[in-house]
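Colleague: structure here, sequence nowhere to be found:
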């Protein structure tokens, strides 16, 4: 079983973040009745989490992403909060 670990990350998160879909017929969960697919988000070296939110196909499309926190919401659920880092450069005057 994967367990979330609380740790301070002082270095940029340079690992891959990928998303893929799986068919729910591979799972036996009554609460998934009527759901055809589940999106899994793979945070390399951290965890693989199911997700119901929107994701870009490649984080290079949106720039630097800061992982703010990972929190446990239930016994086996986690909420990952992240934000975009503003890397806009001020024009020289």
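Modeller: Yep, it's here. Quick caveat: nothing in here was measured; it's all calculated off a predicted structure.
Colleague: please pull out the lowest mean pLDDT helix or strand from the chain.
Modeller: The helix or strand of the chain with the lowest confidence, counting by mean pLDDT, DSSP states H and E, is strand 17-23 at a mean of 62.
Colleague: tell me the helices and strands packed up against the helix or strand just after it.
Modeller: Sequence-wise, the next helix or strand downstream of strand 17-23 (DSSP states H and E) is strand 37-43. Here strand 37-43 touches strand 17-23, strand 47-51, going by 3 or more Cβ pairs under 8 Å, 6 or more residues apart in numbering; DSSP states H and E. No exception for glycine: its C-beta is placed from N, CA and C like everyone else's.
Colleague: partners of strand 37-43, with directions?
Modeller: Here strand 37-43 has these sheet partners by DSSP bridges: strand 17-23 (antiparallel), strand 47-51 (antiparallel).
Colleague: what is the mean pLDDT for the shortest one?
Modeller: Put plainly, it is strand 47-51. With pLDDT averaged residue by residue, strand 47-51 scores 70.
Colleague: please apply the same query to stretch 67-83.
Modeller: Here the average pLDDT along stretch 67-83 is 81.
Colleague: in it, what counts as buried?
Modeller: Using 16 or more other Cβ atoms under 10 Å as the test for burial, stretch 67-83 gives 70, 78, 80.
Colleague: can you tell me the element the last one falls in?
Modeller: Going back to what we said before, that points to residue 80. Applying DSSP H and E, one finds residue 80 within strand 78-84.
Colleague: parallel or antiparallel, list what pairs with that strand.
Modeller: When DSSP bridges is applied, strand 78-84 pairs with strand 65-72 (antiparallel).
Colleague: in CSV: the buried residues of stretch 67-83, plus distance to residue 42.
Modeller: Shown next, in CSV, are the buried residues of stretch 67-83 (distance: Cβ to Cβ, whole Å):
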residue, distance to residue 42
70, 14
78, 13
80, 12
